[in-house]
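Asks: what would the 3D arrangement of this be:
(one chain, ligands or ions: 2)
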Amino acid sequence: MVSLLNPALFKDQALINGIWCDAQSQLRTKVINPATLEFIGSIPNMTDVETKFAIESSKNAFSVWKKYTAKERSTLLKKWYDLILINLNDLAKLITIEQGKPLVEARGEVLYGASFIEWFSEQARRIEGETIASPSNDRRLLTIRQPIGVCAAITPWNFPAAMITRKVAPALAAGCTMILKPASQTPFSALALAELALQAGIPPGVFNVITGDPSPIAHELTHNSTVRKLTFTGSTPIGSLLMAHGASHIQKSSMELGGNAPFIVFEDADIDAAVEGAIISKFRNNGQTCVCSNRFYIHTLVYDEFIQKLKAKVEALKIGNGLNDCTSIGPFIDENAFIKNKEFITDAVSKGAELICGGERIYPDGLNGFFMSPAILINVDNTMRVSCEEIFGPIAPIMQFSDEKEVILKANDTEFGLASYFYTQSLARTWRVSEALEYGMVGINTGLISTTEAPFGGIKQSGLGREGSKHGIDEYLEIKYLCMGISS
Ligand SMILES: NC(=O)c1ccc[n+]([C@@H]2O[C@H](COP(=O)([O-])OP(=O)(O)OC[C@H]3O[C@@H](n4cnc5c(N)ncnc54)[C@H](O)[C@@H]3O)[C@@H](O)[C@H]2O)c1
Ligand SMILES: O=C[C@H](O)CS(=O)(=O)O
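Replies: Ligands and ions are numbered 1, 2, ... in the order given. Modelled structure (predicted):
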């Protein structure tokens with residue numbers, strides 16, 4: 001049990017049709033605090049059996065929810081948003097306890113997640129069709145936009161709240177219903193959000209949350225033709241698997257997948273700004289975000305200054321329990337993530353890279369979680385795993401370059417295409433490089449790009465579709481063409 005100001009927010013059951021329930025098997029899955037490895041609580045270990053009930057509930061709820069007016073849906077989403085802000089501290093504490101990120105980042109995530117609900121409460125009232133100039137006098141053409149129907153969401157552990165609201169808010173705003181399967185490592189944030197949705201007056205069955213074994217749950221969600229849309233955020237291999245399953249009945253999907261972001265510092269960059277941007281884009285959430293910088297390309301003329309300033313900032317980062325106010329870096333989500341990052345370092349050094357700081361397991365305040373001192377690798381090349389795999393940890397691999405065309409070729413040499421970053425003070429270069437980078441998102445002189453107003457998403461194997469912005473609601477709408485014969 002977690003001590004909260006509002007104890008009603010700690011839910012350890014799934015939510016189906018407005019009823020908090022256990023798995024039929026009564027089996028449960030334990031959830032641990034990644035900083036302390038202590039037991040937090042447990043959740044029902046559901047399978048396809050309960051998933052079928054959740055789908056039926058969502059289908060029935062859809063027939064009601066789609067008849068709510070846009071204003072009615074907007075008002076309920078706004079109430080949900082207001083309740084989240086009222087419970088900000090509890091929701092942030094839940095994120096830190098189950099995921100490990102520092103409280104300051106957890107509070108930021110709650111506000112970021114809530115901003116999607118606020119944004120789409122407004123977008124709900126701006127779903128518009130169009131009239132089309134008819135080619136003949138005997139007909140009139142127009143379109144309307146309608147909700148897709150029952151949707152499913154499967155979300156990752158690294159943003160236990162924001163990855164949920166970034167999907168549920170536009171779906172509900174569009175008039176769809178949503179069945180969510182959160183990551184088993186971080187279920188309590190999702191369950192607390194669902195409790196607040198109920199308190200806001202969102203009808204039972206509109207937002208269901210099922211917990212448990214991902215494979216059988218996802219198999220039902222992707223093969224059941226009642227589920228017309230799957231939205232997934234997670235690793236590329238799992239996203240590919242889910243798309244393949246849904247293809248059996250042409251299930252629509254949106255995919256927010258893996259990344260391998262380049263961070264390029266040109267010779268004319270503001271180096272202090274570039275170092276600040278490198279710290280935030282690399283070490284936010286202990287490097288466990290899909291848009292974290294994964295490869296650093298530093299122009300030879302500014303290389304020594306950049307490395308010296310970056311190393312000083314990295315060594316000043318405070319690693320520890322996220323509940324401590326002074327903490328800036330928390331633990332890995334689990335031992336496997338730590339081991340993978342150690343393997344990245346071992347591989348790079350064995351191939352000629354040099355580890356100039358960090359990379360060791362540490363035990364801040366005697367905590368047993370898996371903490372690594374943030375690491376910088378220099379003399380990295382593209383034969384090393386760190387330059388071609390998603391690191392998802394606090395390792396900054398550094399490479400040098402001297403030519404713009406050369407660095408763009410290297411930056412684009414990946415199957416991923418999510419986020420990218422570069423620093424320059426040349427307007428002409430800003431346009432050349434922005435247009436040449438093969439990514440869905442480009443940060444120019446900044447290392448923090450995510451905001452609800454802008455379309456978030458990637459190309460190539462980083463995903464399909466966009467979340468947030470005026471585009472995000474389109475993922476949950478169908479365009480219907482009406483052709484009206486008016487011959488007298
Ligand atoms: N593009 C984005 O917006 C974004 C955001 C966050 C994370 N990610 C990506 O997610 C990955 C890290 O998150 P993760 O470790 O939770 O990813 P993951 O793919 O392992 O898990 C994501 C979700 O899929 C479920 N899942 C796992 N195996 C499954 C299976 N066989 N069938 C059905 N569902 C399954 C998990 O339970 C979880 O809910 C990284 O690659 C990161 O880049 C992308
Ligand atoms: O890692 C997943 C998130 O999408 C990162 S962000 O908080 O949206 O930048």
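Asks: so where does the spatially most central residue of the chain fall, helix or strand?
Replies: With distances taken as CA atoms, centre = their mean, residue 163 lies nearest the centre of the chain, 4.5 Å away. Secondary-structure element containing residue 163, defined by DSSP states H and E: helix 162-174.
Asks: can you give the distance of that helix from its chain's centre?
Replies: 12 Å (CA atoms, centre = their mean, to the nearest Å).
Asks: residue 273 and residue 445 touch, don't they?
Replies: Yes - between residue 273 and residue 445 there is a contact under CB atoms under 8 Å: 6.2 Å. (Each C-beta comes from the backbone N, C-alpha and C, glycine too.)
Asks: on that earlier part again, pull up the pairing partners for the helix or strand that the helix holding residue 163 is followed by, direction included.
Replies: Following helix 162-174 in sequence order, the next helix or strand is strand 177-181 (DSSP H and E). Paired neighbours of strand 177-181 in the sheet (DSSP bridges): strand 150-154 (parallel), strand 207-209 (parallel).
Asks: just the CA trace of the following helix or strand past strand 177-181, in PDB.
Replies: Heading C-terminal from strand 177-181, the first helix or strand you meet, by DSSP H and E, is helix 188-200. The C-alpha coordinates for helix 188-200 follow below in PDB (Å, rounded to 0.1, in the frame of the first residue of the first chain):
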ATOM      1  CA  PHE A 188      -1.000   2.200 -10.400                       C
ATOM      2  CA  SER A 189      -0.800   5.500 -12.300                       C
ATOM      3  CA  ALA A 190      -3.200   4.200 -14.900                       C
ATOM      4  CA  LEU A 191      -5.600   2.900 -12.300                       C
ATOM      5  CA  ALA A 192      -5.600   6.200 -10.400                       C
ATOM      6  CA  LEU A 193      -6.300   8.100 -13.600                       C
ATOM      7  CA  ALA A 194      -9.200   5.700 -14.300                       C
ATOM      8  CA  GLU A 195     -10.600   6.300 -10.800                       C
ATOM      9  CA  LEU A 196     -10.500  10.100 -11.500                       C
ATOM     10  CA  ALA A 197     -12.200   9.600 -14.800                       C
ATOM     11  CA  LEU A 198     -15.100   7.800 -13.000                       C
ATOM     12  CA  GLN A 199     -15.200  10.600 -10.400                       C
ATOM     13  CA  ALA A 200     -15.400  13.100 -13.300                       C
END
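Asks: helix 188-200 vs ligand 1: in contact?
Replies: No - Helix 188-200 lies apart from ligand 1 when judged by CB under 6 Å from any ligand atom; the minimum separation is 9.9 Å.
Asks: separation between the residue nearest to residue 445 when sequence neighbours are not counted and residue 268?
Replies: Nearest residue to residue 445, sequence neighbours excluded (CB to CB, 6 or more residues apart in numbering): residue 423, at 5.4 Å. Using CB to CB, to the nearest Å, residue 423 is found at 9 Å from residue 268.
Asks: around ligand 2, which positions in the stretch 101-250 of the chain sit nearby?
Replies: Counting by CB under 6 Å from any ligand atom, the stretch 101-250 of the chain sits next to ligand 2 at 158-159, 162.
Asks: if we go to 8 Å?
Replies: 109, 112, 156, 158-159, 162-163, 166, 233 (CB under 8 Å from any ligand atom).
Asks: for these, which single residue is the most surrounded?
Replies: residue 163 (30 neighbours; other CB atoms under 10 Å).
Asks: could I get the phi/psi values of the residue lying closest to it once chain neighbours are set aside?
Replies: Distance criterion CB to CB, 6+ apart; nearest residue to residue 163, sequence neighbours excluded, is residue 155 at 4.4 Å. Per-residue torsions, residue 155: phi -130, psi 160 (degrees, to the nearest 10).
Asks: mind listing what's buried in stretch 216-236?
Replies: 217-222, 224, 227-234, 236 (16 or more other CB atoms under 10 Å).
Asks: still on that earlier bit, what residues are shared contacts of residue 273 and residue 445?
Replies: Contact criterion CB atoms under 8 Å, 6 or more residues apart in numbering; residues shared by residue 273 and residue 445: residue 423.
Asks: just the element for residue 77, please.
Replies: Here residue 77 is assigned to helix 70-86, by DSSP H and E.
Asks: bridging residues for residue 152?
Replies: If you apply DSSP bridges, the partners that residue 152 bridges to are residue 179, residue 230.
Asks: do stretch 159-166 and ligand 1 meet at all?
Replies: Yes - under the criterion of CB under 8 Å from any ligand atom, stretch 159-166 makes contact with ligand 1 via 159, 163, 166.
Asks: repeat for stretch 474-488
Replies: No - against ligand 1, stretch 474-488 shows no contacts by CB under 8 Å from any ligand atom, the least distance being 13.1 Å.
Asks: now the end-to-end length of that stretch.
Replies: End-to-end span of stretch 474-488 (CA to CA, to the nearest Å): 37 Å.
Asks: hang on, the earlier thing: mind listing what's buried along whatever helix or strand comes next after the helix holding residue 77?
Replies: Next helix or strand after helix 70-86 toward the C-terminus (DSSP H and E): helix 88-99. Within helix 88-99, the residues that qualify as buried are 90-99, counting by 16+ other CB under 10 Å.
Asks: and the closest residue to residue 477 other than its chain neighbours, what is it in contact with?
Replies: Leaving aside its chain neighbours, residue 477 sits nearest to residue 145 (4.5 Å; criterion: CB to CB, 6+ apart). Under the criterion of CB under 8 Å, 6+ apart, the contact list for residue 145 reads 127-129, 477-480.
Asks: check the secondary structure at residue 145 for me.
Replies: Taken by DSSP: H, G, I helix; E, B strand; the rest coil, the conformation at residue 145 corresponds to strand.
Asks: interface residues of the stretch 301-450 of the chain facing ligand 2?
Replies: Residues of the stretch 301-450 of the chain lying near ligand 2 (CB under 8 Å from any ligand atom): 419, 448-450.
Asks: could you redo the last one with a cut-off of 5 Å?
Replies: By the rule CB under 5 Å from any ligand atom, the part of the stretch 301-450 of the chain lying against ligand 2 is residue 450.
Asks: for ligand 2, what's its nearest residue on the stretch 301-450 of the chain.
Replies: residue 450 (3.2 Å; CB to the nearest ligand atom).
Asks: quick one: the closest residue to that residue other than its chain neighbours from residue 195, how far?
Replies: Sequence neighbours aside, residue 456 is the residue nearest to residue 450 in space, at 6.1 Å (criterion: CB to CB, 6+ apart). Separation of residue 456 from residue 195 (CB to CB) stands at 26 Å.
Asks: ok, those two, which is more surrounded?
Replies: Per other CB under 10 Å, whichever of residue 456 and residue 195 has more neighbours is residue 456, with 25 against 20.
Asks: which pLDDT value goes with that one?
Replies: Predicted confidence (pLDDT) for residue 456: 98.
Asks: mind putting the strands paired with strand 177-181 into TSV with mean pLDDT?
Replies: Supplementary listing: the strands paired with strand 177-181 in TSV, determined by pLDDT from 0 to 100:
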stretch	mean pLDDT
strand 150-154	98
strand 207-209	99
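Asks: residue 314: which of those strands is closest?
Replies: Closest approach to residue 314 among these is made by strand 150-154 (33.9 Å; CB to CB).
Asks: just the angle between that closest one and helix 162-174, please?
Replies: 170 degrees (axes from the mean of the first three to the mean of the last three CA atoms, to 10 degrees).
Asks: residues contacting the helix holding residue 77, please?
Replies: By CB under 8 Å, 6+ apart, helix 70-86 touches 65, 68, 91, 110, 113-114, 117-118, 120-122, 124-125, 127, 169, 172-173, 175, 193, 196-197, 199-202.
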